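S.K.: Task: produce atomic coordinates for the following.
(one chain, ligands or ions: 2)
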Amino acid sequence: MAGVFRRLYDWLLRTFWATEMDVTMVGLQNAGKTSLLRVLSGAEFEIDTIPTVGFNMKRVQKGHVTLKCWDLGGQPRFRQMWERYCRGVNAIVFIVDIADMALLPMAKEELHALMSNQTLAGIPLLVLGNKSDLLDKLTVDELIDAMDLKSVSNREVSCYGISAREETNLDAVLHWLVKYANR
Ligand SMILES: Nc1nc2c(ncn2[C@@H]2O[C@H](COP(=O)(O)OP(=O)(O)OP(=O)(O)O)[C@@H](O)[C@H]2O)c(=O)[nH]1
Ligand SMILES: [Mg+2]
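M.R.: Ligands and ions are numbered 1, 2, ... in the order given. Next up, the predicted model:
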């Protein structure tokens, strides 16, 4: 019986209180943006992925909120379009491969360059350290230091460790994002 009321409640929320929000996912090539979006939208994780050319968009449902997620290509030639796709969104998600130490300085540089755009002032930022399933990786505290997140000011900033492959901590990601649905 409780299940029937729950479904009715969810249906009422979706029908009369539906909200759509825009989220842009950026980060260097191979960080796992497309993989994360695949699993968030209910598809299976894939080991062999194709690098994103331009962008890809998928909708993810979380309760009454529809997250319209823009997944951008991370290769150098696509990075100049990140700022344009981040303008006016409810939240920016920056994904880092925490097992690839060699790319960390570049990830930090690209993140700070993006955040310095006046057009993106105040937009909440969620930094995700992906691939926590791998052995040789940074902890969240080490990632916060490596990305110098404490120097990012004038916006909400959070940082989580996740694994798209093992679907670790993904509920926390959606929970954090939907807080910004109406802002
Ligand atoms: N071990 C592990 N591998 C992952 C994880 N997430 C993604 N990968 C792998 O990392 C590689 C790159 O994943 P993508 O999702 O294509 O990366 P991307 O950030 O979209 O890359 P671009 O589109 O080029 O910017 C693939 O081989 C994935 O299988 C994870 O959580 N753990
Ligand atoms: Mg991709």
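
S.K.: From now on I want contacts and neighbour counts done on CA atoms only, so please keep to that.
M.R.: Will do.

S.K.: residues touching the residue nearest to the spatial centre of the chain, list them.
M.R.: Compute the mean C-alpha point of the chain, and by C-alpha atoms, centre = their mean the closest residue is V93, 3.3 Å away. Residues in contact with V93 (C-alpha atoms under 8 Å, 6 or more residues apart in numbering) are 23-26, 125-128.

S.K.: Quick check on those residues: which are buried?
M.R.: Among the contacts of V93, those classed as buried by 16 or more other C-alpha atoms under 10 Å are 23-26, 125-128.

S.K.: Next, give me the two most distant ones among the residues you listed.
M.R.: Based on C-alpha to C-alpha, the longest span within the buried ones among the contacts of V93 runs between V23 and L128 and measures 13.7 Å.

S.K.: if you go through the chain in chain order, where are the strands?
M.R.: 19-26, 55-62, 65-72, 91-97, 125-130, 157-161 (DSSP state E).

S.K.: of all the ones you listed, which lies closest to ligand 2?
M.R.: In terms of C-alpha to the ion, the element of those nearest to ligand 2 is strand 65-72, at 6.6 Å.

S.K.: The closest one to strand 55-62, inter-axis angle?
M.R.: 160 degrees (axes from the mean of the first three to the mean of the last three C-alpha atoms, to 10 degrees).

S.K.: With just CA atoms, put strand 65-72 into PDB.
M.R.: Provided in PDB are the C-alpha atoms of strand 65-72 (Å, rounded to 0.1, in the frame of the first residue of the first chain):
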ATOM      1  CA  VAL A  65      13.600  17.400 -11.500                       C
ATOM      2  CA  THR A  66      14.800  16.800 -15.000                       C
ATOM      3  CA  LEU A  67      18.500  17.500 -15.400                       C
ATOM      4  CA  LYS A  68      19.400  18.500 -18.900                       C
ATOM      5  CA  CYS A  69      23.100  17.400 -19.000                       C
ATOM      6  CA  TRP A  70      25.500  18.800 -21.600                       C
ATOM      7  CA  ASP A  71      28.600  16.600 -21.900                       C
ATOM      8  CA  LEU A  72      31.400  18.400 -23.700                       C
END
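
S.K.: Please report the number of neighbouring residues for K179.
M.R.: K179 has 12 neighbours, counted by other C-alpha atoms under 10 Å.

S.K.: Phi, psi for it please.
M.R.: K179 adopts backbone torsions of phi -60, psi -30, taken as degrees, to the nearest 10.

S.K.: Count the neighbours of the closest residue to A99 other than its chain neighbours for me.
M.R.: Distances taken as C-alpha to C-alpha, 6 or more residues apart in numbering put K137 closest to A99, at 4.3 Å, once the chain neighbours are dropped. The number of residues packed near K137 is 18, by other C-alpha under 10 Å.

S.K.: which bits of this structure sit near ligand 1?
M.R.: 28-35, 46-52, 73-75, 130-131, 133-134, 163-165 (C-alpha under 6 Å from any ligand atom).
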